[in-house]
Structures are given as structure tokens and as C-alpha cells.
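Engineer: Sequence unavailable; structure follows:
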């Protein structure tokens, strides 16, 4: 294995019929880039094709689930030609090269890459084995989506959850059907239209997750649910998962496979009016850490005094 491969760990307990996949990028709170996500997808494919495995346990190293897609190089997800490059050469009709201005990926490139990207999430949502999420620390962005997609989810009450990337791009991030179905329309709108990050304890009463517990109990409780599900007849599980998928498609997800990547591709090509916060531009000027600070400063609105005099 290469050092890069070590950022996603894969282990199989054949006696228990459980595979464990661990995001292992703790220095970046288990955020993932395209290579990590592709490796995660390959491990999931292995599990799907292995008749001796009934359950896959998804977790993050060092007590953090995942902060989602790595935003240090946002356009890096689209391959070459993104605006994060220092410069770009434009090809002329005569074959000569001339310096070109920085430019964002074309809509053609966005649609091609986003279709593939959202294919990963669609496959996870319809995964044929039982998925169990061990969720603690942070579950943000794509990490939050993965947590919501698991069949059985165990989350620590102090876990911070949300879609803060809506503060970069607006709420057109794709997977909208899933957010509304899992969270309900009121909470989905609140989180997507504000970019708020909340603690899991705030939604415990809504039953968004299978079990909400103390942080120190998450690992043991997730393993408990994985072992419990693994005792089910394997063929019955696969049949049930396909039936669940059919019900969700008929009730909530029609059009999702097209709408999700379309919304994301178009939404990531926004133009910003004066006074609106442009994360990509701010990051280029000030660096990622400072851009996050300035983002939070821009979006902070103080709560009104509950006891005005």
C-alpha cells in the first residue's frame, strides 16, 4: 500500500461478517479528496461483491467522522484547468500558446465530474449491504451526507453536523431529496439556507439518527448495532435493501440521480454581488485558515437579547 492508500483503512472480520472502513486523515479532520473517495468507493464495491460480508461499518480515525470534501483545492476536484492553478495556457486556433487568465472549470467539465461524484453517493444510498455509521466529532458537508445515508447511525451528542459549504455556494449542492427526506422540510431548509452547524443533541428528539449517545459510547454502540445486523440472513438483507431503495425512489428520490449533479454543477459556478462572501477568492488572497475565519465572521449574526429592557 502507498502512503496515500493509508488514508482509508479497510478491515474484514469474517467471523462476524463485518467489514470496517475508516477514513484516516485525522490531521484534516478526516476530510477527503478525490483519491480517498475513489478508494472508499472501491472498498465498498469489494464489500458489495463479497457474499461473506453482511455489514459495513463506516467510521473516522481519532474520534472524528469526517468534515467532508477537502476544500484546500476546490477546483482540484475537476482536474487540470482550474482557477487554483497559478496560471493557465490557452490554446489558440493556430496551435500557438499564449498566457491566459485564470478561469473556473467549464460547465462541461463540471457536469462530467459531478455526475461521477454524485454516482458515489447514489451508490452508497442504494448499497446492498447494511451500512452502520460510527459518527463523532464532526460530520460536515459530504461527511454529513454519508452519515445521513447510513442505514443505522450512532452519533455522539456533541458531534457538530451541518452543510457549511452552503455559505460558499448557496444551498444548490445536490442530494436535496435526501436532505428533505431524512431531515424533514423545516430542518432541511433551515440548515441549507443558513449553513448553520449544530450539535447532534439538538435534533435527538427528531430521530434523525438511530441512536444518539455520549461520545465515549459511540464506538461500542456502533459495533453493537453492526453485530446485531450481521446476524440477519444475508440474502434477506440484500432483498430488503433493494425493497427499501424501491420505496424511497417511489416516494422521494425520483429525479435525484439527474437533479443532484445538475444543481451542484450549476451552483458551483455562481457569480457574487458586492458584499457577498466569495470563499474561493478569499482563500486565494488570504489562505485557507484565514478564509474560514473570515467566512464565519461574515455570516455571524448575534442573537437578539431574549430579555430586552
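Structural biologist: It's in. Predicted, not measured: the structure shown is a model, and the values here were computed from it.
Engineer: Give me the neighbour count for residue 293.
Structural biologist: Neighbour count of residue 293, defined by other CB atoms under 10 Å: 13. Every C-beta, even on glycine, is put in place using the N, C-alpha and C of the backbone.
Engineer: OK, contacts around residue 155?
Structural biologist: 133, 135-136, 139, 147, 161, 200, 209, 211-213, 218 (CB atoms under 8 Å, 6 or more residues apart in numbering).
Engineer: which element is it on?
Structural biologist: Element membership for residue 155, per DSSP states H and E: strand 152-156.
Engineer: Does the next helix or strand after that strand pack against any helices or strands, and if so which?
Structural biologist: Next along the chain after strand 152-156, taking DSSP H and E as the criterion, comes strand 160-162. For strand 160-162, the packing partners by 3 or more CB pairs under 8 Å, 6 or more residues apart in numbering; DSSP states H and E come out as strand 138-140, helix 142-149, strand 197-199.
Engineer: tell me how far strand 160-162 is from the chain's mean position?
Structural biologist: Put simply, strand 160-162 sits 11 Å off its chain's centre (CA atoms, centre = their mean, to the nearest Å).
Engineer: Go through the helices and strands packed on strand 160-162 and pick out the most buried.
Structural biologist: Highest mean neighbour count of the helices and strands packed on strand 160-162: strand 138-140, a mean of 26 (counted as mean count of other CB atoms under 10 Å).
Engineer: and that strand, how far from the chain's centre?
Structural biologist: That offset, for strand 138-140, works out to 9 Å (CA atoms, centre = their mean).
Engineer: next one: stretch 179-188
Structural biologist: Distance, centroid of stretch 179-188 to centroid of chain: 16 Å (CA atoms, centre = their mean).
Engineer: Next: stretch 134-150.
Structural biologist: Counting by CA atoms, centre = their mean, stretch 134-150 comes out at 7 Å from the chain centroid.
Engineer: Report the residue spans of the stretch 201-309 of the chain with pLDDT below the cut-off.
Structural biologist: Residues of the stretch 201-309 of the chain that meet the criterion pLDDT under 70 lie in 252-253.
Engineer: which residues of it fall in helices?
Structural biologist: 218-230, 234-248, 256-267, 279-286, 288-299 (DSSP state H, counting those that start in this stretch).
Engineer: what comes up buried for stretch 180-189?
Structural biologist: 180-183, 187-188 (16 or more other CB atoms under 10 Å).
Engineer: Would you mind listing the two of these that lie farthest apart?
Structural biologist: 181 and 187 (11.5 Å; CB to CB).
Engineer: circling back to that earlier point, of the helices of the stretch 201-309 of the chain, give the one that comes closest to residue 124.
Structural biologist: Of the helices of the stretch 201-309 of the chain, nearest to residue 124 by CB to CB is helix 234-248, at 11.5 Å.
Engineer: just the angle between the closest one and helix 218-230, please?
Structural biologist: 100 degrees (axes from the mean of the first three to the mean of the last three CA atoms, to 10 degrees).
Engineer: Now the helices and strands packed on strand 160-162 in CSV, please, with extra columns for distance to residue 114 and mean pLDDT.
Structural biologist: Converted to CSV, those look like this (distance: least, CB to CB, whole Å; pLDDT from 0 to 100):
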stretch, distance to residue 114, mean pLDDT
strand 138-140, 19, 97
helix 142-149, 13, 95
strand 197-199, 24, 97
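Engineer: any idea how far residue 11 lies from residue 43?
Structural biologist: 10 Å (CB to CB, to the nearest Å).
Engineer: which stretch among the helices of the stretch 201-309 of the chain comes nearest residue 170?
Structural biologist: Closest among those, using CB to CB: helix 256-267, at 5.9 Å.
Engineer: what comes into contact with the closest one?
Structural biologist: Against helix 256-267 from outside (CB under 8 Å, 6+ apart): 107, 110-111, 114-115, 117-118, 121-122, 169-178.
Engineer: Residue 11 and residue 43: who's more crowded?
Structural biologist: residue 43 (19 against 11).
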